[in-house]
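**Q** Could you look at this predicted model? Sequence included:
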Amino acid sequence: MGRGARRSSWTAAAIVASGLGVFAAGRGTLDGPMIGASVVVFCLGGVIGGLGRSRIVRAPENPGASRHSIAEALLANIPDPVILVDRRAVVIEVNPAARALLPALKLRHPLSFALRTPDVLDGIEEVLRTGASLKTLYSTRVPTERAFEVQIGALPMPDGVVGGQPNVVLFLRDLTSARRLEAMRVDFVANASHELRTPLASLLGFIETLQGPARNDPPARERFLGIMKAQAQRMARLVDDLLSLSRIELREHVAPTRPVDLTRIARQMVDTQGPLARDRGVVLSVAADGAFPILGERDELLRVVENLIENAVKYGGSGGRVEVALRRQTDTASGRTSVELAVRDHGPGIAAEHIPRLTERFYRVDVASSRDQGGTGLGLAIVKHIVNRHRGRLIIESAPDAGTTVRAIFPEFEAAGSPDILAEPA
Ligand SMILES: Nc1ncnc2c1ncn2[C@@H]1O[C@H](COP(=O)(O)OP(=O)(O)O)[C@@H](O)[C@H]1O
Ligand SMILES: [Mg+2]
C-alpha cells in the first residue's frame, strides 16, 4: 500500500474512532448524556485538534443526537469492517461491513463468539496493556478464502468516563484482492515464460540437428529452416502482444479524448482482412448506417476490430460468413446512447463454461488449435483492456453449433455541431 493510502486509512481510522466514541456514549456504555456530550467533544476534538489545536468545537443545540447520526453515517459508509469492543473484549459497536463479514457478531456479546483467532484476541489484551496500536492477520476459509490485516488500537476515554478505561477499536483491511493480484502476476510471468520457452526449445533442437545429423541433407535443412522461421515468428508475435498489452494497461486509466468514426475503422479493417478471409473461403461483410462517432484511439480500435475478425475467421470460418455490424442503442433508463460493434460468425461456437474466461491472458479453448493458427491467447485480453480504456463493455455470446457474436459497446460521442472533427485521415 502507498504511503498516501496508508495515511488516509489512518485518518479514516481516527475519524471512525471519534465516531465510535460517540456510539459508545449513545449505547449507554458511559454514564448519561452529559458524559456522552463530553466524549463527543473529546473525540471530535481529538481529530480536529490534530489539525489545529486552538480551534474550538462549537457544541450544537443537541450535540449527542447530531454527532451520533454523523458517526452512524460515517461508520455505515466505511467499506472495511470496523468493530469496537470494551476492555473485556465485549462488542460495543460494529459497522455493516463487519456484520457482513462476521454474521455471528452481536452487541454486548464477547468478540470471541464471532472471531476466535487467538492473534486478534491476544492483540486486544496487548493493546490494553501497552497502549500502543498493533497489526495482526485474520483469515477466513468459509464461505470463501479471505485474508485481512487487523489494526488494533486503544480508544482512550477521558478521565472520569468509565474510570478512564480505554475501549479498543479493530479495523479490518481486506488483503484478498491484493493477494489475488499478486498471484495473477506470478501466474502471468510463469505463463509468459512457458509460452516463450516452447518455441525456443524447438529452435534450439533444430539448430543442433542442423549442426549435426542434418548438416549435409539439403531437403531436411530446408524443411527445418521453415519450421524454425515459424517458431521464431511465433515468439515475435508473443513479444509484440505482450508489449501491446502492457502499453494498453499503462494507459488504461486515461480515457481517449479525440472523436473518431468507428464505421471508418471497421471498414478499413474489413478491407485489410478481406484477402485473408477469402483465402479461407469466408465472406466478410460490414453493415453500418452512416458514421458512428466515439471518443477513441484509432490504432487501438483497429486492433479491436482486427482481433475480433481474425478470431471469427480462424475459429468460426467453417460457417462461411463473418458479419461486422455497427448500430446505435439508447439506454431506456439513462437516455444515453452507445455504439455497438458486433462481429458475428456461424462457426462451431464456444461452450458456456469457457466464455467467462476467454479474456484472461493465455486462456484458449483448444491450445493446439490456437497455436496452429498462430494464436498467442492474448488477443481477447488485449481487446478487453482497450474496450475498458474506452469506457466500453465487451459481451461474448456463443453456443455450440450456433456461432459466436462478440459485441464491443462504447459510449457515443455527441458532437457539438461540428462534423469536421471526424475528418481524421483514413
Ligand atoms: N469466434 C470464435 N469462435 C470460437 N472460438 C473462439 C472465437 N473467438 C475466440 N475463441 C476462442 O477463444 C480463445 C482466445 O482467443 P484470443 O484471446 O483471441 O487468443 P488466440 O486467438 O490467440 O488463441 C481462442 O483460442 C479460441 O479458443
Ligand atoms: Mg485471437
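**A** That came through fine. Ligands and ions are numbered 1, 2, ... in the order given.

**Q** dump the residue contacts of V90.
**A** Contacts for V90 (Cβ atoms under 8 Å, 6 or more residues apart in numbering) come out as R108, H109, P110, L111. From N, CA and C alone the C-beta is placed, and that goes for glycine too.

**Q** What are the boundaries of the strands in the stretch 51-200 of the chain?
**A** Secondary structure of the stretch 51-200 of the chain (DSSP state E, counting those that start in this stretch): strands at 82-85, 91-94, 134-140, 146-155, 167-174.

**Q** for those strands, which one ends up most surrounded?
**A** Neighbour counts (mean count of other Cβ atoms under 10 Å) averaged over each of these peak at strand 82-85, with a mean of 26.

**Q** Partner strands of that one and their direction?
**A** Strand 82-85 pairs in its sheet with strand 91-94 (antiparallel), strand 167-174 (antiparallel), by DSSP bridges.

**Q** Give me the distance from the longest one to the chain's centre.
**A** What it means is strand 167-174. A distance of 25 Å separates the centroid of the chain from that of strand 167-174, by Cα atoms, centre = their mean, to the nearest Å.

**Q** Quick one: mean pLDDT for it?
**A** Mean pLDDT, strand 167-174: 94.

**Q** Outline the domain layout of the chain.
**A** 3-174, 182-251, 253-426 (automatic domain parsing).

**Q** Go through those and find the least confident stretch.
**A** domain 3-174 (a mean of 72).

**Q** can you redo the strands of the stretch 51-200 of the chain as JSON lines with distance to Y363?
**A** As requested, the strands of the stretch 51-200 of the chain are arranged in JSON lines below (distance: least, Cβ to Cβ, whole Å):
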{"stretch": "strand 82-85", "distance to Y363": "38"}
{"stretch": "strand 91-94", "distance to Y363": "40"}
{"stretch": "strand 134-140", "distance to Y363": "28"}
{"stretch": "strand 146-155", "distance to Y363": "25"}
{"stretch": "strand 167-174", "distance to Y363": "26"}
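
**Q** mind checking which of those strands is nearest D217?
**A** strand 146-155 (59.3 Å; Cβ to Cβ).

**Q** Can I get that closest one in PDB, CA atoms only?
**A** The C-alpha coordinates for strand 146-155 follow below in PDB (Å, rounded to 0.1, in the frame of the first residue of the first chain):
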ATOM      1  CA  ARG A 146     -10.200 -14.200   2.500                       C
ATOM      2  CA  ALA A 147      -7.400 -12.500   4.400                       C
ATOM      3  CA  PHE A 148      -7.500  -9.400   6.400                       C
ATOM      4  CA  GLU A 149      -5.000  -7.200   8.100                       C
ATOM      5  CA  VAL A 150      -6.400  -6.200  11.500                       C
ATOM      6  CA  GLN A 151      -5.300  -2.900  13.100                       C
ATOM      7  CA  ILE A 152      -6.000  -2.900  16.800                       C
ATOM      8  CA  GLY A 153      -5.800   0.400  18.600                       C
ATOM      9  CA  ALA A 154      -6.800   1.700  22.000                       C
ATOM     10  CA  LEU A 155      -9.500   4.400  22.100                       C
END
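
**Q** Save the strands paired with strand 82-85 as JSON lines, and put in distance to R389 too.
**A** Formatted as JSON lines, those follow (distance: least, Cβ to Cβ, whole Å):
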{"stretch": "strand 91-94", "distance to R389": "39"}
{"stretch": "strand 167-174", "distance to R389": "26"}
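
**Q** hey, where'd the helices end up in the stretch 1-150 of the chain?
**A** 3-26, 32-51, 63-77, 96-101, 118-130 (DSSP state H, counting those that start in this stretch).

**Q** re the thing from before, among the contacts of V90, which ones are buried?
**A** L111 (16 or more other Cβ atoms under 10 Å).

**Q** would CSV of the contacts of V90 with distance to ligand 1 be doable?
**A** Formatted as CSV, these follow (distance: Cβ to the nearest ligand atom, whole Å):
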residue, distance to ligand 1
R108, 55
H109, 52
P110, 52
L111, 48
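
**Q** Among the contacts of V90, which pair sits farthest apart?
**A** Using Cβ to Cβ, the two most remote members of the contacts of V90 are R108 and L111, lying 11.0 Å apart.

**Q** Find the residues that touch each one of those two.
**A** V90, V91.

**Q** Give me the distance between the residue in the stretch 1-150 of the chain that ligand 1 sits nearest to and S177.
**A** Ligand 1 sits closest to T144 of the stretch 1-150 of the chain, with a gap of 27.1 Å, by Cβ to the nearest ligand atom. T144 sits 12 Å away from S177, going by Cβ to Cβ, to the nearest Å.

**Q** For the strands paired with strand 82-85, give me TSV that also has distance to ligand 2.
**A** Output for the strands paired with strand 82-85, formatted as TSV (distance: least, Cβ to the ion, whole Å):
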stretch	distance to ligand 2
strand 91-94	49
strand 167-174	34
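
**Q** Enumerate every residue touching I124.
**A** So I124 contacts V85, A89, L111, I152, V168, L170 (Cβ under 8 Å, 6+ apart).

**Q** Would you mind naming the residues that bridge with the fourth one?
**A** The bridge-partner assignment for I152, based on DSSP bridges, gives L134, L170.

**Q** who touches stretch 275-288?
**A** With Cβ under 8 Å, 6+ apart, stretch 275-288 has contacts from 262-263, 266-267, 270, 273-274, 309-310, 313, 317, 320-326.

**Q** Now which of those would you call buried?
**A** 262-263, 266-267, 270, 273-274, 309-310, 313, 317, 321-326.

**Q** Appreciated, that's everything.
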